[in-house]
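> with the sequence up front, the predicted model follows.
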Amino acid sequence: METFVSHSTEETERIAGQIAARLHKGDTLALYGEMGAGKTAFVRGLVGALCPECLPLVHSPTFAIVNEYAGKDLTLYHFDLYRITDEDDLYSTGFYEWVGGDGIVVTEWSELIESAIPENAFKLTIEKGEGNERRLTLC
Ligand SMILES: Nc1ncnc2c1ncn2[C@@H]1O[C@H](COP(=O)(O)OP(=O)(O)OP(=O)(O)O)[C@@H](O)[C@H]1O
Ligand SMILES: [Mg+2]
């Protein structure tokens, strides 16, 4: 387990950039944390490292469920599980094709469908503190 403390959105993005360097094809990174915790900010940091030209596309894919950022070496599949009600629903998004595939899967609202998160996934919890402080715990 590793803990990082962030004091700004930019710092959260920088921390994500460091963590991106440890991710490989087939990895899943499950994000946990309440609304406004900084999950999408964290994904922006990952995308900055893996596909900088994709940065303008980064947003919570709440309606689309998944955004795809195709980098030079890897594709990042960014899921928002907020509106997913069950595993059948998730299946229809292509989630199970991408998990463990030749890209990286990152999920917002992982806590809502924990059963879909692979056992070997990295897990990152973002907790809000005072003001702009965020505590990021990576397992
Ligand atoms: N240290 C910080 N790290 C990240 N975001 C921060 C920080 N301090 C303040 N913020 C603000 O918190 C908000 C985080 O928004 P973001 O969309 O990343 O959250 P989210 O967890 O994806 O929320 P949602 O569940 O609604 O998708 C932004 O408005 C951002 O500016
Ligand atoms: Mg979000």
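Yep, it's here. Numbering: from 1, shown residues only. Ligands and ions are numbered 1, 2, ... in the order given.
> tell me the secondary structure for residue 4?
The local conformation at residue 4, judged by DSSP: H, G, I helix; E, B strand; the rest coil, is strand.
> residues contacting the nearest residue to it once chain neighbours are set aside?
Distances taken as C-beta to C-beta, 6 or more residues apart in numbering place residue 136 nearest to residue 4, at 4.4 Å, with adjacent residues excluded. From N, CA and C alone the C-beta is placed, and that goes for glycine too. Going by C-beta atoms under 8 Å, 6 or more residues apart in numbering, residue 136 touches 3-6, 12, 15, 42, 124-126.
> wasn't residue 119 part of a helix?
No. Assignment of residue 119 by three-state DSSP gives coil, placing it outside any helix.
> secondary structure element holding residue 97?
helix 95-98 (DSSP states H and E).
> actually, residue 107.
In this structure, residue 107 sits in strand 104-108 according to DSSP H and E.
> for that strand, name the packing helices and strands.
Secondary-structure packing of strand 104-108 (3 or more C-beta pairs under 8 Å, 6 or more residues apart in numbering; DSSP states H and E): strand 28-32, helix 39-50, strand 75-80.
> list the contacts of that strand.
23-31, 39-40, 43, 46, 50, 60, 74-82, 95, 98-99, 117.
> switch to 6 Å and redo it
23, 27-31, 39, 43, 74, 76-81, 98-99 (C-beta atoms under 6 Å, 6 or more residues apart in numbering).
> measure the closest residue to residue 83 other than its chain neighbours to ligand 1 for me?
Once flanking residues are discounted, residue 83 sits nearest to residue 62: 6.5 Å by C-beta to C-beta, 6+ apart. Going from residue 62 to ligand 1 by C-beta to the nearest ligand atom, to the nearest Å gives 7 Å.
> in the protein, which residue is most central in space?
residue 106 (3.5 Å; C-alpha atoms, centre = their mean).
> before we move on, the earlier item: sheet-wise, list the partners of the strand holding residue 107 with their directions.
Sheet pairing of strand 104-108 (DSSP bridges) gives strand 28-32 (parallel), strand 75-80 (parallel).
> now the helix or strand that that strand is followed by: buried residues?
Using DSSP H and E, the helix or strand that directly follows strand 104-108 along the chain is strand 122-128. By neighbour count with 16 or more other C-beta atoms under 10 Å, strand 122-128 contains the buried residues 122-126.
> since that was my last question, I'll sign off now.
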